[in-house]
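K.L.:
Task: produce atomic coordinates for the following.
(chains A and B)
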Amino acid sequence: MSKFSDLGTALHSGEKSFNIVGQSKIWYAISAVVLVVSAVLPFTLHNGFNFGIEFRGGSEFTITGGATKGADLARTAVAADLPNVEVSVSTVGTDSVLVQTPQLSDTKSELVRKDLASAYGVDSSAVSSSFIGASWGSDVTGKAINGLLWFLGLAAILMALYFRTIKMSIAAMAALLHDLLITAGIYGSFGFEVTPAAVIGFLTILGYSLYDTVVVFDKVRETTFEVEHSTTATFAERVNLAVNQTLVRSINTTIVAVLPVASILFIGAYIFGAGTLRDISLALFIGMLVGTYSTNFIAAPFYAQLRSGESKYRKAAEKVAASR
Amino acid sequence: MAEVSSSKRARKRLVWLVVVFAGISAIIGGAIFTKTAGATFVPQLALDLQGGTQIILKPNVNGGTTVSTQQLNQAVDIIRQRVDSTGVSEAQITTQGEGADAAIVVSIPGKPSESTLALIKASAKLEFRPVLVTGLGKTALVTPAKTKANPNPTPTLPPSTPIRTSDAAPKDNSDLNWVTADIQKAYETLDCSTQFRTPGQVDDPTKPIITCDRNLSQKFILGPVELDGTQISKATSTAVTTSTGASTGSYAVDLTFNDAGKSIFATVTKRLYPLTAPRNQFAVTIDGYVITAPAIQAVISAGTAQITGGFTADSANALANQLKFGSLPIGFQVQSQENISATLGTEQLKSGLLAGLIGLVLVLIYSLFQYRALASITIGSLIVAGGLTYLSIALLSWRMDYRLSLAGVAGLIVAIGITADSFIVYFERVRDELRDGRPLSVAVSAGWRRAWRTILVSDMISLLAAGTLYLLTVGNVRGFAFTLGLTTIIDLVVVTLFTVPAVTLLANLKFFASGHTWSGFSVSTASASGYRGRGSFREVDSSIAKNRKSSAEAEKRQTIAERKAAAQNQDGAN
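P.N.:
Numbering: from 1, shown residues only, chains lettered A, B, ... in the order given. As a prediction, this is how the structure comes out:
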C-alpha cells in the first residue's frame, strides 16, 4: 500500500501526530501577515480593485453595417487602442457590431470610434458611441449582500444546533472571513478585473470553505465527545487528533477539487486563451487552497482555544496533566 | 446473513438510480415525442455563450420632462424581477445613455418565449382610478322608427341625458362633474373593439380617462389617479377559505400598501364606500387598460385589501404579479428588438471544457494512485454524477428556462470537488473502521453510517446557501445559487444511490474482502494488531456500544495508541 495510506493509519492510530492545534500561535501569525499583505498589495500594486464594466458601466460603440465582416476586426482594432482592457464584442441584428469597453475619456472614445470606422471601412458617422449603465448595479449587489448575510446567519444557527455549541459557528465564521479577505486580496494583487464571474467564484469559495470546515468539525465532534471524562487526553489534544485523522481526507479532497480548477486556470486560460475563465478559476484556485488551510490551521485551533477555557474542560485537563 | 441483506439493499438502491435516470429521460423524451415547445436533450446556453435577443426600451414621458437616473434604475430593478420570475435565464438588463437619450437595454438568451417578451414589453404603468361611469364595450345602437321621409334609417346612439349635474368644478376625484359633454360624447361613441389608444400613450394623471378593460368587453370613464403602483408594497394570491378553514375553491388577491399608500387608500375607500354603483368601484389600470375594477365593501384603513370575485388560481396569480411587478415609475415603448450574438463564442467554451476534461483525467490518475481498484468507484460516481447533471440541466432548461453560462460551467467543474469529497470522506471512514480491526463487510456499513452524518450536514450547509441566495438575490447570483443547489442534490443522490451500493457489492468480492494490496482497502493494521487480540473489545466495537456507560463510549473514542498505553498500564498494575 502507498506510503500515504500508511501515514493515514499512523495518523488515525495517534502513533504519528502533527501538533497543529498546539502551535496555533504560529498559524495565527502566518495568517495575520498574509492578511495584512493581501490588504495592502492590491492598493500598492494596482490602485485598488479594478471593477469591470458590469459594475461601473462603460462606453458602447455601435458600428452600423459591420456585421458581415465579423466581430474579430473590432477586437483587434480596440486592442491596439486600449491594451490590457477587457472588451466585449457581439453582433446585433443583421448588420451592426456592438463593442463595449470600460468608460473612456472623450478623446480616447473619439480615437476608438475613428479606428473602428477605418477597421470596418465605414464612415465614422456610422459608428455611434454612448454610455452604458452597470448591468450588475447596486440593486443586484445590495440583494446579493443581503442574501449572503441571511445565509451566514442561518448557517451559523444550523451549525450551532447540529453541533450543540455556538462556538463551532464562531470558529467557522472566523475562518470564512479569513478566507474571503485573503482570496479577495490575492485576487486584487494580480490586477485582474473584478467581473461577475469572479464574484461568483468568491461565493463558491464561501460555500466550499464552510463545507470543508463542517466536514472536519464533524470529526471534531466525535473525538471530543465526553472528553471531560477522559484521563488521558485534553480537549485541545482531541481536536488535534480530529484534524490529524482527517488530514489525509483534507489533502485528497483538496487535490481532487483543485486539479480541474488548476487545469482551467493554467491550461485553459493561458494556453488556450479562454480569457473570461481566468478570473473565476483564479478566484477558485486561491480560495480552495486558503479554505483548506483555514479549516485545519485556523478554525480548529480557534475552536479548541474557545472551549478549552470552559471549566469542565479545564478541570479535565488539570487531571490529565496530574496523571502524566 | 447480514451480508446477503446488505447486498440486496445495495441492489435495490442501484435499481432506484436507474429509475431516476429513466424517469428524467422519459419526461424529456415524452415531451419531445409530443412536440412540446422547448423540450430538449441539449441544454440551453446563456447569453455569453449563445447570444440572444436584445430589446431596447425607450421611456415615454409626458411633455418635455426627462427621466431621472433614479427612475431609470428603479425601472431596471422592476424589469429584472419580472424576467427573473419566469425562470433562471440570467438576462442582462442595463441602462443606456442619459437624459433625453436614456433607454433600457434588456438582453435575453436564446429566443425568448412570447410570454416573456410580453412581460418585458408590458412596460406598464399601474394606476388606481375611481370608476365614474361604466357600460358594455359598445353602446347598442337603436334604429329609429321608419318614417316616410327616411324609409331606411341608420341606427344611431340612443339619446342620452347629461351625466354631469352642474358646470361647477369637480369637488373630488369621484365627482361626476368631471364628465364634460365632450367626454360623455367620446365615451358613448367609443367601441372597445377598435384601436382607441396609441401604444405608449401617456395619460395625464390629473384628468379623467375613457378606456376599456383588457377583454374589451366593458368601457369606463375613470376619474383622476388616486394611487399608483409604486405605493403597493406587496401583492399575493391566496385561496379563499371558509371560517372553518375549508377551501371554497375560489381565489383572491391580497394587496398591501406602503405607508403613503395606506393613508391615501383609507381616504379613497371612505369616499367610495357610501356611493352607489358603479361609483363605489375603483379601477386598476395597466398602460391605461382596466385589469380589474372591484367594488369597495368597507372602509379600509389598515393598508391591506383583498380583491375577490371570479378568480381562478391562475388568474389570481397573474393579477398579483401584475400588481407587484407592474409598478414601473414610467411607461416604456419598445424601440428595437434584434438578435444579439454571443460575446464569448463556442471557442472559449470548448477550450474551457477541454481544460476541465484534462483536469478530470488528472483527478482519475490521482485517485488511481490513492485508491487503487477503488478508483473504479470514483470514476463510476463521477460518470453517474456527470450524466445526472446533464439530464437535469436539459430538464431544467426546458421547465425553468435554466441556461448554462461560462460561470455555470465553472461551477459544475467545482462540483467535481464536492462530489468527490463525499466518497473520499466515505472511503476514509471505511479505512478508519478497517484500522480499528473490523472486517471489510462490517467496515463498509459502519463507515457509511458515520460518513452519512458528515456528508448530510455539510451538504445541508451548501443547500442552505443555495436556497437563501436563490430566494433573496437576482441575476447572476441567483443563477449561481441554482447551480449550487442542483449539484448538491445530485451529490446526495449519487453517493446514496451509486457509491454506497457499489462499494457494498464490491466488498463481497474476494479481491476486496481479502484486502488485496491493489484493492484500495488494504490497510496496514499492524499498529492495531496487538490490540485485536482482545476479543471482548471487538464485540463492544461491532455493537456500537449502545448500552455502555458514557465513560465506555469515551474510552472507545480514545486513539488506538492511547488504548494500548492504557492496556499496558493495566498490565503493569496487574
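
K.L.:
CA atoms for contacts and neighbours, from now on please.
P.N.:
Noted.

K.L.:
Tell me the residues of the stretch 51-200 of chain A that contact chain B?
P.N.:
Within reach of chain B by Cα under 8 Å from any Cα of the partner chain, the stretch 51-200 of chain A has these residues: A:88-94, A:130-136, A:139-140, A:143-144, A:146-148, A:150-151, A:154-155, A:158, A:162, A:196-197, A:200.

K.L.:
so of those, which ones are in strands?
P.N.:
Of the positions in these, A:88-92, A:130-132 sit in strands, assigned by DSSP state E.

K.L.:
With respect to residue B:147, which of those residues is nearest?
P.N.:
residue A:92 (66.3 Å; Cα to Cα).

K.L.:
and that closest one, how many neighbours?
P.N.:
24 (other Cα atoms under 10 Å in any protein chain shown).

K.L.:
how about the nearest residue to it, chain neighbours excluded?
P.N.:
Excluding the flanking residues, the one nearest residue A:92 by Cα to Cα, 6 or more residues apart in numbering or on different chains is residue B:340, at 4.2 Å.

K.L.:
What residues does that neighbour make contact with?
P.N.:
A:90-93, B:51-54, B:107 (Cα atoms under 8 Å, 6 or more residues apart in numbering or on different chains).

K.L.:
10 Å instead?
P.N.:
Taking Cα atoms under 10 Å, 6 or more residues apart in numbering or on different chains, we find residue B:340 in contact with A:90-94, A:96-98, B:47, B:50-55, B:107-110.

K.L.:
before we move on, what about residue A:35?
P.N.:
Residue A:35 makes contact with A:29, A:178-179, A:181-183, A:185-186 under the criterion Cα under 10 Å, 6+ apart.

K.L.:
isn't residue A:138 right up against residue A:55?
P.N.:
Yes: at 8.1 Å, residue A:138 counts as touching residue A:55 under the criterion of Cα atoms under 10 Å.

K.L.:
And stretch A:224-234, end to end?
P.N.:
End-to-end distance of stretch A:224-234 (Cα to Cα, to the nearest Å): 9 Å.

K.L.:
And for stretch B:194-206?
P.N.:
So stretch B:194-206: terminal residues 26 Å apart, Cα to Cα.

K.L.:
now do stretch A:98-113
P.N.:
End-to-end distance for stretch A:98-113: 12 Å, by Cα to Cα.

K.L.:
Equivalent analysis for stretch B:146-166, please.
P.N.:
In terms of Cα to Cα, the two terminal residues of stretch B:146-166 are separated by 36 Å.

K.L.:
For that stretch, report the contacting residues that lie outside it.
P.N.:
Defining contact as Cα under 10 Å, 6+ apart, one finds that stretch B:146-166 is touched by B:132-133, B:139-145, B:170, B:175-181, B:184-185, B:188-189.

K.L.:
what about 6 Å?
P.N.:
Residues external to stretch B:146-166 that are found in contact with it (Cα atoms under 6 Å, 6 or more residues apart in numbering or on different chains): B:141-143, B:176-177, B:179.

K.L.:
Stretch A:154-167 now?
P.N.:
In this structure, residues lying in contact with stretch A:154-167 by Cα under 6 Å, 6+ apart are residue A:169.

K.L.:
same check, this time on stretch B:414-431
P.N.:
Against stretch B:414-431 from outside (Cα under 6 Å, 6+ apart): A:253, A:256-257, B:443-444, B:447, B:451, B:491.

K.L.:
just the strands in the chain please.
P.N.:
You didn't pick a chain, so chain A it is. So, for chain A - with DSSP E - the strands run A:50-51, A:58-64, A:88-92, A:96-102, A:127-132, A:193-194.

K.L.:
nope, chain B
P.N.:
B:52-60, B:92-96, B:103-109, B:126-136, B:209-212, B:218-222, B:227-228, B:232-241, B:247-257, B:282-286, B:289-292, B:304-311, B:331-340.

K.L.:
Of those, which is nearest residue B:466?
P.N.:
The minimum distance between residue B:466 and the strands of chain B falls on strand B:92-96, with 21.0 Å, by Cα to Cα.

K.L.:
List the contacts of the closest one.
P.N.:
Residues from elsewhere that reach strand B:92-96 (Cα under 6 Å, 6+ apart): A:131-135, B:102-107.

K.L.:
Mind doing that once more with 8 Å?
P.N.:
For strand B:92-96, the surrounding residues in contact (Cα under 8 Å, 6+ apart) are A:130-136, B:72-73, B:76, B:79-80, B:102-108, B:475.

K.L.:
Using PDB, write down the CA coordinates of that strand.
P.N.:
Extracted in PDB, the C-alpha atoms of strand B:92-96 (Å, rounded to 0.1, in the frame of the first residue of the first chain):
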ATOM      1  CA  GLN B  92     -28.800  41.100 -18.600                       C
ATOM      2  CA  ILE B  93     -30.500  44.500 -18.100                       C
ATOM      3  CA  THR B  94     -28.800  47.800 -18.200                       C
ATOM      4  CA  THR B  95     -29.400  51.400 -18.800                       C
ATOM      5  CA  GLN B  96     -28.000  53.200 -21.800                       C
END
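
K.L.:
what's the pLDDT at residue A:178?
P.N.:
On pLDDT, residue A:178 comes in at 94.

K.L.:
and stretch B:165-182, how far apart are its ends?
P.N.:
With Cα to Cα, one end of stretch B:165-182 sits 14 Å from the other.

K.L.:
For it, which residues meet the burial criterion?
P.N.:
By neighbour count on 16 or more other Cα atoms under 10 Å in any protein chain shown, the buried set for stretch B:165-182 is B:173-180.

K.L.:
tell me the domain ranges of the chain?
P.N.:
Using chain A. A:3-51+A:137-323, A:58-132 (automatic domain parsing).

K.L.:
I was thinking of chain B, sorry if that wasn't clear
P.N.:
Domain assignment of chain B by automatic domain parsing yields the ranges B:2-42+B:343-519, B:52-120+B:336-340, B:126-327, B:527-573.

K.L.:
can you redo these as TSV with mean pLDDT?
P.N.:
Formatted as TSV, the domains of chain B follow (pLDDT from 0 to 100):
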stretch	mean pLDDT
domain B:2-42+B:343-519	84
domain B:52-120+B:336-340	77
domain B:126-327	80
domain B:527-573	45
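
K.L.:
Tabulate these in CSV, adding columns for distance to residue A:126.
P.N.:
Below are the domains of chain B laid out as CSV (distance: least, Cα to Cα, whole Å):
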stretch, distance to residue A:126
domain B:2-42+B:343-519, 21
domain B:52-120+B:336-340, 18
domain B:126-327, 29
domain B:527-573, 77
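
K.L.:
circling back: ok, and the most crowded of the contacts of residue A:35?
P.N.:
With neighbours taken as other Cα under 10 Å, the top of these is residue A:179, carrying 29 neighbours.

K.L.:
who's in contact with residue 184?
P.N.:
You didn't pick a chain, so chain A it is. Taking Cα under 8 Å, 6+ apart, we find residue A:184 in contact with A:38, A:202, A:283.

K.L.:
other chain: chain B
P.N.:
With Cα under 8 Å, 6+ apart, residue B:184 has these contacts: B:162-163.

K.L.:
Distance check, it against residue B:178.
P.N.:
Counting by Cα to Cα - residue B:184 and residue B:178 are separated by 10 Å.

K.L.:
Show me where chain A has its helices.
P.N.:
Remark: helices assigned in chain A by DSSP state H are A:3-13, A:24-46, A:53-56, A:72-81, A:106-120, A:138-163, A:166-189, A:196-223, A:235-245, A:247-262, A:275-294, A:300-308, A:311-323.

K.L.:
can you tell which of those helices is closest to residue B:115?
P.N.:
Of the helices of chain A, the one closest to residue B:115 (Cα to Cα) turns out to be helix A:138-163, at 24.0 Å.

K.L.:
Report the buried residues of that closest one.
P.N.:
Buried, per 16+ other Cα under 10 Å, within helix A:138-163: A:139-141, A:143-144, A:147-148, A:150-152, A:154-160, A:163.
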